[in-house]
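Peer 1: model this:
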Amino acid sequence: MKPDLSKVPGVLGEISRRRYAEVLSLEPPHFPPAPESVTSFLEALKQPGLSLIAEVKRKSPSQGHIAPLDAAQVARSYALGGARAISVLTEPHYFAGSDQDLLEVGRAVDLPLLRKDFTVHPVQLEQARSLGASAVLLMVVVLGELTAAYLQIARQHGLDALVEVHDERELELALSSGAEIIGVNNRNLVDLHIDLRTAPRLGRLAREGGFAGILVAESGYGKATELAEIRGLFDAILVGTSLVQSGDWASAAQKLTL
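Peer 2: This next block holds a predicted model:
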């Protein structure tokens with residue numbers, strides 16, 4: 001069940017194809033036993049107000065090196081600041097993440113964990129569950145028509161899925177896949193440009209189309225004033241760079257959860 005990664009443009013295609021080559025070495029999988037249960041990512045985001053998914057992130061293609069950090073320490077600070085879930089980058093080359101980060105964050109906090117990586121092969125879903133993840137990222141721009149199939153496999157492994165979109169066509173695929181959590185990324189992952197008008201526009205389209213699930217706004221948020229346009233429309237925000245760069249992770253998280 002391989003997505004057609006040759007059609008994925010720009011740096012996103014480069015990352016995805018490299019990730020696929022690495023993932024093949026995981027077959028057949030020899031993962032540690034998965035935890036019997038994990039905290040529900042979906043239920044955490046159903047709580048009243050705008051939930052914060054705070055991200056553990058050292059580096060990115062758009063920013064380069066962001067900050068050296070201890071994943072567990074940062075996660076504990078996010079929890080103190082009111083985050084309702086933690087996103088952990090596990091892609092090693094472009095984001096300086098690791099599976100070990102996910103394991104350490106899982107030992108440090110009781111919050112649900114999103115494994116933030118480039119899902120390009122079903123074996124990654126089993127691996128994510130074994131590492132203690134509550135949810136995985138499924139990018140429609142990468143998976144295309146296979147999004148629904150990957151979503152079904154994720155559910156078979158007891159995982160929630162953040163199904164990510166950036167434009168109208170991707171939103172249509174996400175809605176038809178049966179996604180319960182749709183993330184709208186303000187960042188165009190081809191040219192890495194951020195437009196904060198993207199999430200409100202696609203969020204309204206999703207609601208007008210009858211989507212009653214969880215909406216997550218992603219990328220570009222750093223100030224509480226930037227959240228006015230998505231309050232009441234979205235259920236959660238995913239924030240990484242601005243939190244990590246703050247140096248006071250608990251306080252920065254708290255400012256976005258008030």
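
Peer 1: can you pull out the helices in this structure?
Peer 2: 10-23, 41-45, 71-80, 99-108, 123-130, 140-143, 147-156, 168-177, 198-208, 241-246, 249-255 (DSSP state H).

Peer 1: the fifth one to helix 99-108, inter-axis angle?
Peer 2: By that I understand helix 123-130. 30 degrees (axes from the mean of the first three to the mean of the last three C-alpha atoms, to 10 degrees).

Peer 1: what's helix 123-130 packed up against?
Peer 2: Packing contacts for helix 123-130, counted by 3 or more C-beta pairs under 8 Å, 6 or more residues apart in numbering; DSSP states H and E, involve strand 135-139, helix 147-156. In short, each C-beta sits where N, CA and C put it, glycine included.

Peer 1: buried set for the first one?
Peer 2: By that I understand strand 135-139. 135-139 (16 or more other C-beta atoms under 10 Å).

Peer 1: farthest-separated two in those residues?
Peer 2: Checking these against each other with C-beta to C-beta, the farthest-apart pair comes out as 135 and 139, at 13.4 Å.

Peer 1: so which of the helices of the chain is nearest residue 190?
Peer 2: helix 10-23 (4.0 Å).

Peer 1: please name the nearest non-neighbouring residue to residue 188.
Peer 2: Closest residue in space to residue 188, ignoring its immediate chain neighbours: residue 166 at 6.2 Å, by C-beta to C-beta, 6 or more residues apart in numbering.

Peer 1: residues touching that neighbour, list them.
Peer 2: 141, 184-185, 187-189, 198, 202 (C-beta atoms under 8 Å, 6 or more residues apart in numbering).

Peer 1: could you do residue 110 as well?
Peer 2: 39, 79.

Peer 1: change it to 7 Å
Peer 2: By C-beta atoms under 7 Å, 6 or more residues apart in numbering, the contact list for residue 110 reads residue 39.

Peer 1: can you check the one 10 residues further on too?
Peer 2: Residues near residue 120 by C-beta under 7 Å, 6+ apart: 3, 5, 16, 19-20, 23, 142.

Peer 1: ok, so what distance separates the residue nearest to it when sequence neighbours are not counted from residue 241?
Peer 2: Spatially, and ignoring its direct neighbours in sequence, residue 120 is nearest to residue 20 (4.4 Å; C-beta to C-beta, 6+ apart). Going from residue 20 to residue 241 by C-beta to C-beta, to the nearest Å gives 26 Å.

Peer 1: likewise for residue 3?
Peer 2: 27 Å.

Peer 1: more neighbours: the two, which one.
Peer 2: The neighbour count for residue 3 versus residue 241, taken as other C-beta atoms under 10 Å, is higher for residue 3 (22 against 18).

Peer 1: look up how far residue 154 lies from the more buried one.
Peer 2: 15 Å.

Peer 1: repeat that for residue 105.
Peer 2: The gap separating residue 105 from residue 154 is 20 Å, by C-beta to C-beta.

Peer 1: residue 133 now?
Peer 2: 10 Å.

Peer 1: what's in contact with the helix or strand of the chain with the lowest mean pLDDT?
Peer 2: Least confident helix or strand, the chain: strand 64-65 with a mean of 82, by mean pLDDT, DSSP states H and E. For strand 64-65, contacts defined as C-beta under 7 Å, 6+ apart pick out residue 59.
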